[in-house]
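Participant: coordinates for the following, if possible.
(one chain, ligands or ions: 1)
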Amino acid sequence: MTRPFDVAIAGAGPAGAACALRLARAGFSVALIDQREFPREKLCGEYVNLGAIRELQDLQLAANLRPRAHPLEGMRLYAHGETAAFKLPSEAWSLSRAVLDADVRDAAIAAGAHPLTGRVRQLRVGASEIEIEWHDPAGDAHTLRARYLAGADGMHSAVARLCNLTVSETERRFALGAHYRGVKLDRWIEMYASAHEYLALNPMGGESANAVFVLQKDRLARSRTALGQELGVFSRHVSSGRRPIDGAAFANSYQATGPLAHRTAHPAMKRVLLVGDAAAFVDPFTGQGVFLALAGARDAAAAFARALGHAHAEHAAWRDYAAAVMERVAERRRIAAMMKLMLGVRFATRRAAAAMRKRPGDFTFLIEAVSGNAAAYNSLELATAVGKVLR
Ligand SMILES: Cc1cc2nc3c(=O)[nH]c(=O)nc-3n(C[C@H](O)[C@H](O)[C@H](O)COP(=O)(O)OP(=O)(O)OC[C@H]3O[C@@H](n4cnc5c(N)ncnc54)[C@H](O)[C@@H]3O)c2cc1C
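Facilitator: Numbering: from 1, shown residues only. Now for the predicted structure:
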């Protein structure tokens, strides 16, 4: 019988591929399985913040990615008739996820990770290893054995569900997005928000923009033609006519996902760690997901290495991993909640816009937090900063 892999990883997005890369470089045997062929598109605003760039630097991938990324200079926010613009204080990119995800996965494979194409369907957790049943694109079933498993299979994680770790959510918003031609944005992101929905535009070079709509489910449950009209109406309304998106053109080529929520009771259980969105999904409004995926992958790889190195280290390694992930996710959820409050509630938006005109310095901390400048980040300071803005 062949030896089990040290770690099998379900999902080769940034979380799974970065975890595979770190483990393979450290000399562990890794199977990296994804249901999709790569390169593949992934619905995402494609905003890569400083925290994510630092993680890519640590993986020695940033220098090679930078020439294919579009540098960003600032963000313009529009909500309830108010506008605010701020320069990004540090390096940030817009970068196609087809490019980013393929680069991280290619590096993992070059370092020795074994790639497989198929969907994880069943798990059997044993005393000293885990058996993973996966189905290839033709529908044939296969079995893979590993000492440990990383569930890095995204927002609707099958691994989390199979481990009974998924907590039900009431979220009703869905997202759809595409690269859209005919919008010139220079190097500025634009966000148009209403109470519960928004349109985000991210420059992708020339007249191409990444356009993401986050909308209530009812709007999306329409025929393709009616959806095209609805997107046109929504984009005109939410941007006060500034950014009319031709909904018909958009609706011909979009990707969609939702509902936009995923929580787990815990990111770790016997022989399994959940990583990236599979562990916890953060509202995409502030674009923290790629950073969280890469940072979680760093912690998960360290936890696996610890457990593989010492027979009784799993318990402590899992405990430390869970604590680090839950703290980081809680912080980023607080940032997202604060931004949602300031842009989603008319009264708060007016207060914040007035404060921005009079005391722009009060916003420095919030801007640093959204930009992913971890060195400047602390939740208590963030709450104080928001209090100052809304006083
Ligand atoms: C609308 C929207 C906009 C966003 N905008 C931004 C943004 O601008 N900036 C930012 O930083 N973040 C953004 N995010 C969040 C970001 O996309 C995610 O946080 C990030 O992709 C998480 O990476 P991951 O590797 O955990 O999961 P994913 O990137 O989702 O990768 C999971 C992988 O698992 C595979 N998979 C799924 N199920 C199985 C299975 N059963 N078996 C095998 N493989 C499987 C999938 O094919 C996929 O390749 C956005 C998210 C959404 C929904």
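Participant: per the record, what domains does the protein have?
Facilitator: The chain breaks down into these domains under automatic domain parsing: 5-41+97-169+262-333, 173-257, 335-390.
Participant: out of the ones you listed, which is closest to the ligand?
Facilitator: Of all the domains of the chain, it is domain 5-41+97-169+262-333 that lies closest to the ligand, at 2.1 Å by C-beta to the nearest ligand atom. Quick note: C-beta positions are derived from backbone N, CA and C, even for glycine.
Participant: quote the end-to-end distance of that closest one.
Facilitator: Terminal residues of domain 5-41+97-169+262-333 lie 35 Å apart, using C-alpha to C-alpha, to the nearest Å.
Participant: that older thread, least confident of the domains of the chain, on average?
Facilitator: Of all those, domain 335-390 carries the lowest average pLDDT, namely a mean of 77.
Participant: quick one: it near the ligand?
Facilitator: No. Applying C-beta under 6 Å from any ligand atom, one finds domain 335-390 separated from the ligand by no less than 8.4 Å.
Participant: out of the domains of the chain, deepest packed?
Facilitator: Sort those by mean neighbour count, taking mean count of other C-beta atoms under 10 Å, and domain 5-41+97-169+262-333 sits at the top with a mean of 21.
Participant: is any residue of it near the ligand?
Facilitator: Yes. Contact of domain 5-41+97-169+262-333 with the ligand (C-beta under 6 Å from any ligand atom) involves 10-16, 33-36, 119-120, 152-154, 158, 276-278, 284, 287-291, 293.
Participant: beyond the longest strand seen in the chain, next helix or strand please.
Facilitator: For the chain, the longest strand by residue count, based on DSSP state E, is strand 141-151. The first helix or strand that comes after strand 141-151 along the chain, using DSSP states H and E, is helix 158-162.
Participant: ok now that following helix, how far from the chain's centre?
Facilitator: Distance of helix 158-162 from the chain centroid (C-alpha atoms, centre = their mean, to the nearest Å) equals 18 Å.
Participant: hang on, the earlier thing: would CSV of the domains of the chain with distance to residue 76 be doable?
Facilitator: CSV is the format used below for the domains of the chain (distance: least, C-beta to C-beta, whole Å):
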stretch, distance to residue 76
domain 5-41+97-169+262-333, 14
domain 173-257, 5
domain 335-390, 12
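Participant: nearest to residue 91, of those domains?
Facilitator: Ranking the domains of the chain by their distance to residue 91 (criterion: C-beta to C-beta) puts domain 335-390 first, at 9.0 Å.
Participant: so how far is residue 3 from residue 111?
Facilitator: According to C-beta to C-beta, to the nearest Å, residue 111 stands 19 Å off from residue 3.
Participant: tell me if I'm right that residue 269 and residue 160 touch.
Facilitator: No. Counting by C-beta atoms under 8 Å, residue 160 is not a contact partner of residue 269; they are 9.7 Å apart.
Participant: secondary structure class for residue 210?
Facilitator: Recorded secondary structure, residue 210: strand (DSSP: H, G, I helix; E, B strand; the rest coil).
Participant: nope, residue 341 is what I was after
Facilitator: helix.
Participant: doesn't residue 349 make contact with it?
Facilitator: No. Judged on C-beta under 8 Å, residue 341 makes no contact with residue 349 at a distance of 9.1 Å.
Participant: if we can go back for a sec, out of the domains of the chain, nearest to residue 74?
Facilitator: Residue 74 sits nearest to domain 173-257 of all those, at 4.9 Å, using C-beta to C-beta.
Participant: does that closest one reach the ligand?
Facilitator: Yes. Domain 173-257 comes into contact with the ligand (C-beta under 6 Å from any ligand atom), by way of 175, 177, 212, 257.
Participant: Throw the residues you listed into a markdown table and include secondary structure, thanks.
Facilitator: Formatted as a markdown table, the residues of domain 173-257 next to the ligand follow (three-state DSSP):
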| residue | secondary structure |
| --- | --- |
| 175 | strand |
| 177 | strand |
| 212 | strand |
| 257 | strand |
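Participant: CA atoms of stretch 316-324 as PDB?
Facilitator: In PDB, the C-alpha atoms belonging to stretch 316-324 read as follows (Å, rounded to 0.1, in the frame of the first residue of the first chain):
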ATOM      1  CA  ALA A 316      -1.900  22.600  20.700                       C
ATOM      2  CA  ALA A 317      -1.200  23.300  17.000                       C
ATOM      3  CA  TRP A 318      -4.900  23.300  16.200                       C
ATOM      4  CA  ARG A 319      -5.800  25.500  19.300                       C
ATOM      5  CA  ASP A 320      -3.200  28.100  18.300                       C
ATOM      6  CA  TYR A 321      -4.300  28.000  14.700                       C
ATOM      7  CA  ALA A 322      -8.000  28.500  15.600                       C
ATOM      8  CA  ALA A 323      -7.200  31.400  17.900                       C
ATOM      9  CA  ALA A 324      -5.100  33.200  15.300                       C
END
